[in-house]
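Visitor: Structural data only, the sequence is not supplied:
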DNA sequence: GTTTTAATGTGTATTTTTAACACATTATTG
DNA sequence: CAATAATGTGTTAAAAATACACATTAAAAC
């Protein structure tokens, strides 16, 4: 690797000093189950936070893009490809990690829990209700809160919650997701009206099955309406 | 610094490899002058981008918070303290910097150009109209675009543009800022109505001076209405 | 099989917000 | 003192968001 001393405007520090910072990625992987918003967490095995929940993360490799690192973590941990992933913010307090200077970039992701099988016992991986998480290892609770806030803003204008649902879903399920994420109750009639107006849904002319009540109609996400915009942001 | 090998889940890389990434901060410093939105740029002196404009940035020191690094850059470059600063995004493509693996976190800042004197000749620092910037060194045009987009969203709901103006300003000046940032024309009556409704302004009962037309009333930002929320995000 | 239950499915009226639009007023300039 | 070029103001129309009640359907209970 080339030297980059041209960076150091002040001269007190050598390049070696600047390369004593490590960069990691942490993924807030949201899922939806039992009418609750959940997040994938793992038992922390660092002594300072032993036994506490932490987010899924890893160091960024020198030869991989930042975005790629988050995809890698997601793929390795959930086996899922092609999931929704969005960068949220970078957390860089000096003492945020007991093992040294580690700056982390947070991503949030939306997956359908049913789409994959976790090796739960192996890794102490666990889908935890977001509402019930009071504290986490490191600054991960802060990261989680920030990502949840971003998610709440995001779903107001952008068709992303479909990633939390199976391909076919009822309007009730869709509304449940919104209520779980926003942590509030919504009016069913206005909710339905809004979604039909937005033209985000395609009526499948099928009905729910195995529900203990009148089955609702099934819909799928109108993906064709949203050409995949590939951001070249990072 | 302690070892952090516990991070490496995969074992192919040693800690030394992970510490071959450097982290920098780049500031998109916006200003407002001559009815135009401007950005503070500096002539690039790296051979690959010689002579092109670049943003103001520097490597993050091992012992400084990420946010502090951006404040430091701003202070060093503009002499300004206590300015508006917001983290936007981190850019981490492997080859974004010719000198090596440098990941950068972008901040945008809003300053009142008149509040400080730049040593323009010294540093080849320059306030450049945002609209006229077609290309920049590195991925800085991309960073600028991303920050401008964020700024546009931000000003819709949050009282931040006051940072671009002097303490006392007329409604016309305020509207000009919005028009410059959003790159569109706004209806004067609706604009005024909206601002009076929002209760963001305090009427100073003073008039503009030295304007070649009927002077407008002067206002100041209703700072008391917005308790300083100190985010603990990074 | 009839009743009960618990959900789905639908329309209208009200309020709020946003957008469109025109003329009188005032200080400066010539 | 007239012309100019800006400031300052109110109403109307359209659109969006909100509040709200009853009929329908399939399963479950009896």
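Guide: Yep, that arrived. Everything quoted here is computed from the prediction, not taken from an experiment. Residues are numbered from 1 along each chain as shown, chains lettered A, B, ... in the order given.

Visitor: Around residue A:64, how many other residues sit close by?
Guide: Residues near residue A:64, counting by other CB atoms under 10 Å in any protein chain shown, number 17. All C-beta atoms are positioned from the backbone trio N, CA, C, and that covers glycine.

Visitor: For it, give me its contacts.
Guide: Contacts of residue A:64 were listed using CB atoms under 8 Å, 6 or more residues apart in numbering or on different chains, and they are A:72, B:94.

Visitor: Okay, and it sits in which element?
Guide: Using DSSP states H and E, residue A:64 is not contained in any helix or strand.

Visitor: And residue A:150, by the same measure?
Guide: Using DSSP H and E, residue A:150 sits in helix A:140-157.

Visitor: Determine the angle, from 0 to 180 degrees, between that helix and helix B:140-157.
Guide: For helix A:140-157 against helix B:140-157, the angle between stretch directions is 80 degrees (axes from the mean of the first three to the mean of the last three CA atoms, to 10 degrees).

Visitor: What pairs with whichever helix or strand comes after helix A:140-157, parallel or antiparallel?
Guide: Once the chain leaves helix A:140-157, the next helix or strand it forms, by DSSP H and E, is strand A:169-170. Sheet pairing for strand A:169-170, assigned by DSSP bridges, gives strand A:217-221 (antiparallel).

Visitor: ok, and for the strand ranked longest in chain A, which residues are buried?
Guide: Longest strand in chain A by number of residues, with DSSP state E as the criterion: strand A:22-33. By neighbour count, with 16 or more other CB atoms under 10 Å in any protein chain shown as the criterion, the buried positions of strand A:22-33 are A:22-32.

Visitor: Next: stretch A:180-187.
Guide: Residues A:180-181 are the ones in stretch A:180-187 that count as buried (16+ other CB under 10 Å).

Visitor: Does DNA strand D have contacts with it?
Guide: Yes - for a cut-off given as CB under 7 Å from any atom of the strand, stretch A:180-187 has contacts with DNA strand D, namely residue A:187.

Visitor: starting at the chain centroid, how far to that stretch?
Guide: Taking CA atoms, centre = their mean, to the nearest Å, the mean C-alpha location of stretch A:180-187 is offset from the chain mean by 19 Å.

Visitor: Is that stretch positioned near DNA strand C?
Guide: No - contact between stretch A:180-187 and DNA strand C, assessed by CB under 7 Å from any atom of the strand, is absent, since the two come no nearer than 7.5 Å.

Visitor: what's the span of that stretch from first residue to last?
Guide: From its first residue to its last, stretch A:180-187 covers 14 Å (CA to CA, to the nearest Å).

Visitor: Contacts for that stretch, please.
Guide: If you take CB under 8 Å, 6+ apart as the criterion, stretch A:180-187 is touched by A:32, A:35-37, A:131, A:148, A:151-152, A:155, A:161, A:175, A:178-179.

Visitor: make it 6 Å
Guide: A:36-37, A:152, A:155, A:175, A:179 (CB atoms under 6 Å, 6 or more residues apart in numbering or on different chains).

Visitor: What about the residue lying closest to residue A:198 once chain neighbours are set aside, how many residues nearby?
Guide: The spatially closest residue to residue A:198, leaving aside those adjacent along the chain, is residue A:159, at 7.9 Å (CB to CB, 6 or more residues apart in numbering or on different chains). Counted with other CB under 10 Å, the neighbours of residue A:159 add up to 17.

Visitor: Quick one: neighbours of residue A:60, just the number.
Guide: Once other CB under 10 Å is used to define contacts, residue A:60 is seen to have 27 neighbours.

Visitor: right, and it touches residue A:23 too?
Guide: Yes - Residue A:60 is within contact range of residue A:23, at 4.7 Å (criterion: CB atoms under 6 Å).

Visitor: domains of chain A?
Guide: Taking automatic domain parsing as the domain assignment, the record places the domains of chain A at A:19-154, A:168-233.

Visitor: quick one: the longest one to chain centroid distance?
Guide: Per CA atoms, centre = their mean, the displacement of domain A:19-154 from the mean C-alpha position of its chain is 7 Å.

Visitor: Over to the last one?
Guide: On the basis of CA atoms, centre = their mean, domain A:168-233 is displaced by 20 Å from the centre of the chain it belongs to.

Visitor: any idea how far residue A:75 lies from DNA strand D?
Guide: Shown here: residue A:75 relative to DNA strand D, a distance of 37 Å by CB to the nearest atom of the strand, to the nearest Å.

Visitor: element containing that residue, please.
Guide: helix A:66-78.

Visitor: what angle separates that helix from strand A:22-33?
Guide: Using the same axes, to 10 degrees: helix A:66-78 against strand A:22-33 is 50 degrees.

Visitor: residues of helix A:66-78 that come out buried?
Guide: In helix A:66-78, residues buried by neighbour count (16+ other CB under 10 Å) are A:66-74, A:77-78.

Visitor: May I ask which two of the residues you listed are separated the most?
Guide: With distances taken as CB to CB, the most widely separated pair in the buried residues of helix A:66-78 is A:66 and A:78, at 19.1 Å.

Visitor: sorry, back to before: which of the residues in the helix holding residue A:150 are buried?
Guide: For helix A:140-157, burial by neighbour count (16+ other CB under 10 Å) applies to A:140-148, A:150-151, A:154-155.
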